[in-house]
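# dropping the sequence and predicted coords here.
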Amino acid sequence: MKQNQFEQRHQDEWQRFGARLDVLERSRGRSESGDDFTRDYRQICQHLALAQARGYSSHLVDPLQQLAMRGHQQLYRHRSQFAAQLLSFVLADFPRAVRAEWRWVALAALLFFGSLIVMGGLVYAYPDLIYSVVSPAQVDEMEAMYDPAARRIGQAVERASSTDWLMFGYYIMHNIGIAFQTFASGLLFGVGSLFFLFFNGLMIGAVAGHLTDVGFGETFWPFVIGHGAFELTGIALAGAAGLKLGWALLAPGALRRDEALRLAASTSVRLIGGVMLFLLIAAFIEAYWSSMTWPQPTTKYLVGAALWALVAAYLLFAGRSSHAPD
């Protein structure tokens, strides 16, 4: 095909694509690139390849090359929006959602941390109470895990550092399982979330009280203080998300139950997205920092205190600025 015939056949397509690029390049908002844009971009690339293969003049090849380059920039801009949206969620949307649902967050935190603290104090004062919630075999396993003589703390068996990443995966699955159970059971009119918040608080508190009573507090507390900032907070927030779902079913107001549940779920899902991030961070800290024995307890306490302060500051203040990503 001669060059002039090729130009006449496709000139309108090139002009339309160029006009669309002009609009996209002037816009600072979201790109409107979609499947049709990708199709048109590929067509331009095909035309460029044909023009080069057929030896057409630079008067045709150069403009097509410019269109292809500009199209590539817009396509990359479109595909990078996910990263921008993820960053916006982490820096602003999630902490804003937590503050907006502060009543459910406060209730979940009171139930979870309250039962944890009370049960821990009771078991410390009355040691035999541990066997009312934890079996003797589990007690023995916990004592072995936090024995000061162990090379790695918080593990039932010794392991090499090369398997830390396997423990990282285990911690992720374990923590997410607890959080999802606490969240999803909120569909039982909130009763499930209330139960699991209370139950998990009792279990953790009982273990903490017992290990402190038998003299293993010097290994237990330095182990849990670091990752606990993200893990325990994540469990409480999962419970808050579940309670919101349950309340939508119990008191839908003027809405139908399915409509009220749909509205509540839009917020609860955002909370759970942040919970997953918290549990991912907690698993990483637990696998690669908490179980190490070489840091002094004072160092672990300082790091743990800093992490708790970081979590509190993030949830209280992140996303308040008008310059935060939208």
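Cool, the structure landed.
# I'd assumed residue 102 was in contact with residue 316.
No - with contact defined as CB atoms under 8 Å, residue 316 does not count as touching residue 102 (10.1 Å). Heads up, the C-betas are built off the backbone N, CA and C, glycines and all.
# next one: stretch 189-199 to chain centre, how far?
22 Å (CA atoms, centre = their mean, to the nearest Å).
# what about it, average pLDDT?
The pLDDT scores in stretch 189-199 average 94.
# pull out the buried residues from that stretch.
Judged by neighbour count (16 or more other CB atoms under 10 Å), stretch 189-199 contains these buried residues: 190, 192-198.
# one more: stretch 52-69?
Applying 16+ other CB under 10 Å to stretch 52-69 flags 56, 60-61, 64-65, 67-68 as buried.
# CA-only coordinates of that stretch in CSV, if you can.
This file holds the C-alpha atoms of stretch 52-69, laid out as CSV (Å, rounded to 0.1, in the frame of the first residue of the first chain):
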residue,chain,number,x,y,z
GLN,A,52,8.4,1.7,9.7
ALA,A,53,8.4,-1.7,8.0
ARG,A,54,7.2,-0.3,4.7
GLY,A,55,9.8,2.5,4.7
TYR,A,56,7.3,5.4,4.7
SER,A,57,8.8,8.9,5.1
SER,A,58,9.6,10.6,8.4
HIS,A,59,6.7,13.0,7.7
LEU,A,60,4.4,10.1,8.6
VAL,A,61,6.6,8.0,10.9
ASP,A,62,7.6,10.8,13.3
PRO,A,63,4.0,12.0,14.1
LEU,A,64,2.9,8.4,14.6
GLN,A,65,5.8,7.9,16.9
GLN,A,66,4.8,10.9,18.9
LEU,A,67,1.3,9.7,19.2
ALA,A,68,2.5,6.3,20.4
MET,A,69,4.8,7.9,23.0
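# run the chain-centre distance for it.
With CA atoms, centre = their mean, you get 46 Å for stretch 52-69.
# got a list of contacts for that stretch?
1, 3, 6-7, 14, 17-18, 21, 41, 44-45, 47-48, 51 (CB atoms under 8 Å, 6 or more residues apart in numbering).
# count the residues that sit near residue 40.
Residues contacting residue 40 under the criterion other CB atoms under 10 Å number 19.
# can you pull the contacts of it?
Taking CB under 8 Å, 6+ apart as the test, what residue 40 contacts is 13, 16-17, 20, 71.
# could you check the pLDDT of it?
86.
# assign it to helix, strand or coil.
Three-state assignment for residue 40 (DSSP: H, G, I helix; E, B strand; the rest coil): helix.
# quick one: it from residue 127, how far?
73 Å (CB to CB, to the nearest Å).
# could you do residue 92 as well?
On the measure of CB to CB, residue 92 and residue 127 end up 47 Å apart.
# which residue comes closest to residue 7 once chain neighbours are left out?
residue 60 (6.3 Å; CB to CB, 6 or more residues apart in numbering).
# returning to that earlier point: the more surrounded of residue 92 and residue 127?
Shown here are residue 92 and residue 127; by other CB under 10 Å, residue 92 has more neighbours (18 against 13).
# spatially, what comes nearest to that one if we skip its sequence neighbours?
Counting by CB to CB, 6+ apart, the residue nearest residue 92 is residue 319, at 3.3 Å.
# show the subsequent helix or strand relative to the helix or strand containing residue 111.
Under the criterion of DSSP states H and E, residue 111 resides in helix 102-125. Downstream of helix 102-125, the first helix or strand assigned by DSSP H and E is helix 136-145.
# list the buried ones in that next one?
So for helix 136-145, counting by 16+ other CB under 10 Å, buried means 139, 142, 145.
# pull out the buried residues from the helix or strand that residue 49 is a member of.
According to DSSP H and E, residue 49 maps onto helix 35-53. Using 16+ other CB under 10 Å as the test for burial, helix 35-53 gives 37, 40-41, 44-45, 47-48, 51.
# now, the most widely separated pair of those?
Using CB to CB, these span at most 21.1 Å, a distance reached by 37 and 51.
# gap between the residue nearest to residue 246 when sequence neighbours are not counted and residue 94?
Nearest residue to residue 246, sequence neighbours excluded (CB to CB, 6+ apart): residue 190, at 2.3 Å. Between residue 190 and residue 94 the computed distance is 22 Å (CB to CB).
# what's the longest helix in this protein?
For the chain, the longest helix by residue count, based on DSSP state H, is helix 217-250.
# okay then, goodbye and thanks.
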